[in-house]
Structures are given as structure tokens and as C-alpha cells.
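Participant: Task: produce atomic coordinates for the following.
(one chain, ligands or ions: 2)
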Amino acid sequence: MKQIIIATKNKGKAKEFKEFFAGYGIETKSLLDFEKEIQDIEETGSTFEENAALKAEQIRDLLSVPVLADDSGLIIDALNGRPGIFSARYAGEPKSDQANIKKVLAELKTVPEKVRTARFICVLAIAIPGEETIFRTGYCEGKIDFEVKGSNGFGYDPIFTPEGYSKTMAQLSPAEKNSISHRKQAIIQLEEWMNNQ
Ligand SMILES: O=c1nc[nH]c2c1ncn2[C@H]1C[C@H](O)[C@@H](COP(=O)(O)OP(=O)(O)OP(=O)(O)O)O1
Ligand SMILES: [Mg+2]
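Facilitator: Ligands and ions are numbered 1, 2, ... in the order given. Next up is the predicted model:
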């Protein structure tokens, strides 16, 4: 495989996938690279897998090429797993990283450091014309900070400190984040499949 379409309009994800796949000699294009506007896909599933499949399969059917989609989010133990599949729109529409972060910090205001445990999850779906969709999952364990720190990355990175680190994801360099992230772990799971393409 020489090229794969990433069914995302998230610039942060698109950039990370470009870097991961360059390492395998595969070129990526995201939905942001198309001149003709591609409609937003409604994420109506009740699991990360369902939403990843919805995104990958709709774009595959539209373009008739191999498509990868990423459905990801933040799972916070003290919030019973929220925001979970609702991570992107946790504070409502239109989706805003800043508003989402504000909501999470407010909900965790009185929660002590020790029990602020959380994990990022990334579910990848790969949809290829005429083939069955395949899935791979990656996690990154960590804790939710009390305040916003750093400006790299995207989403909840400024409030997430990965296990074993004393900086938030947004204070790590892109290369450091990409070596430990949930997305990287999911890509590692995909490696065997990629080697057979
Ligand atoms: O590495 C990450 N660092 C920080 N935050 C992250 C990360 N990975 C996912 N997240 C957050 C962002 C968003 O609030 C949600 C994903 O939602 P999700 O629907 O999968 O993505 P999206 O709507 O931003 O773009 P799209 O659906 O077009 O791929 O989890
Ligand atoms: Mg989305």
C-alpha cells in the first residue's frame, strides 16, 4: 500500500498520522486535503469501534479507496469513564477543546491528585473496498492535572500527564508524545497488518 486516506477533519490527528505512516513509507491524505468539501460524518455509534467504523466505511464507500479512521477519547475514572465517546463534544456544540477542558477541570475540582487517574483510548478502523473492516486499539495511562499546561498537541493534551512523566502531553515534544501515545500504541498493533500489505 502506497497511500491511505485518514477519515478525519482533526488537524492534530492528521499531522500525527502523517508522521507515523511516513515511517512505513505510506503517504497519508486527510479529509482536510480534499478540495471538494466532504460532509461531516455523524458519530451516532455507542462505542469507539462503531464510530470508527462509521467514519472509515462511509469515506471508503464515497471514494472507493482504503480508508483509516480514528475514534479516540479520554476516560476519567473519577467521572465513571466520562467524557468517553463524547470527548469531542463534552461541553456541547460547536466542539471546543478549551470548553471541554474547562468542563473537566470544573468537574474534578475537589478530586484529589491520587484518584485523578485517566487514560486516552484510540480505536483505529481500516476499511478497504471488498474487505471486512479491521480494528486495532491503543491506550495511554495517566492523570488529569489541576490546570492547563503547555501548548503542543491538541484536545485534552494540556491537562493530561502520562504515567511516568511530570509534564503534560502538551509540554512534551511532538516526537515524545508520538512515542508513547494511545495513537502510537494502536499503530503498533497495526504493524503486522501493514507488513502484509
Ligand atoms: O492525542 C490526543 N490528545 C488529546 N486529546 C485527544 C487525543 N486523541 C483524542 N483526543 C480527544 C480530542 C477529542 O475531544 C476526542 C476525539 O474525538 P473524535 O471524534 O475521535 O475526533 P474529532 O471529532 O476531533 O475528529 P474526527 O472525528 O474528524 O477524526 O478525544
Ligand atoms: Mg469526531
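
Participant: Can you name the residues that contact the closest residue to ligand 1 within the chain?
Facilitator: For the chain and ligand 1, the shortest gap (Cβ to the nearest ligand atom) falls at G155, measuring 2.3 Å. Where C-beta positions appear, they are placed from N, C-alpha and C, glycine not excepted. G155 makes contact with 12, 74, 87-88, 97, 100, according to Cβ atoms under 8 Å, 6 or more residues apart in numbering.

Participant: Isn't I4 up against D70?
Facilitator: No: the criterion here is Cβ atoms under 8 Å, and I4 misses it with D70 at 11.9 Å.

Participant: tell me, what residue is most central in this structure?
Facilitator: S72 (3.8 Å; Cα atoms, centre = their mean).

Participant: Figure out the helix or strand that that residue lives in.
Facilitator: strand 67-76 (DSSP states H and E).

Participant: the more surrounded of I4 and D70?
Facilitator: D70 (26 against 21; other Cβ atoms under 10 Å).

Participant: I figured that one hits C122, correct?
Facilitator: Yes: counting by Cβ under 8 Å, D70 does reach C122; the two are 5.9 Å apart.

Participant: intersection of neighbour lists for the two?
Facilitator: 183, 186.

Participant: packing partners for the strand or helix carrying R60?
Facilitator: In the assignment (DSSP H and E), R60 maps to helix 48-63. For helix 48-63, the packing partners by 3 or more Cβ pairs under 8 Å, 6 or more residues apart in numbering; DSSP states H and E come out as strand 67-76, strand 117-127, strand 134-144.

Participant: Report the distance from the second one to the chain centre.
Facilitator: For strand 117-127, the distance between its averaged C-alpha position and the chain's averaged C-alpha position is 6 Å (Cα atoms, centre = their mean, to the nearest Å).

Participant: partner strands of it, parallel or antiparallel?
Facilitator: Strand 117-127 pairs in its sheet with strand 67-76 (antiparallel), strand 134-144 (antiparallel), by DSSP bridges.

Participant: Other residues contacting the very next helix or strand once past the longest one?
Facilitator: Just to be clear, that refers to strand 134-144. For strand 134-144, the following helix or strand on the C-terminal side (DSSP H and E) is strand 160-162. Here strand 160-162 makes contact (Cβ under 8 Å, 6+ apart) with 74, 118, 120, 140-145, 167-169, 172, 180.
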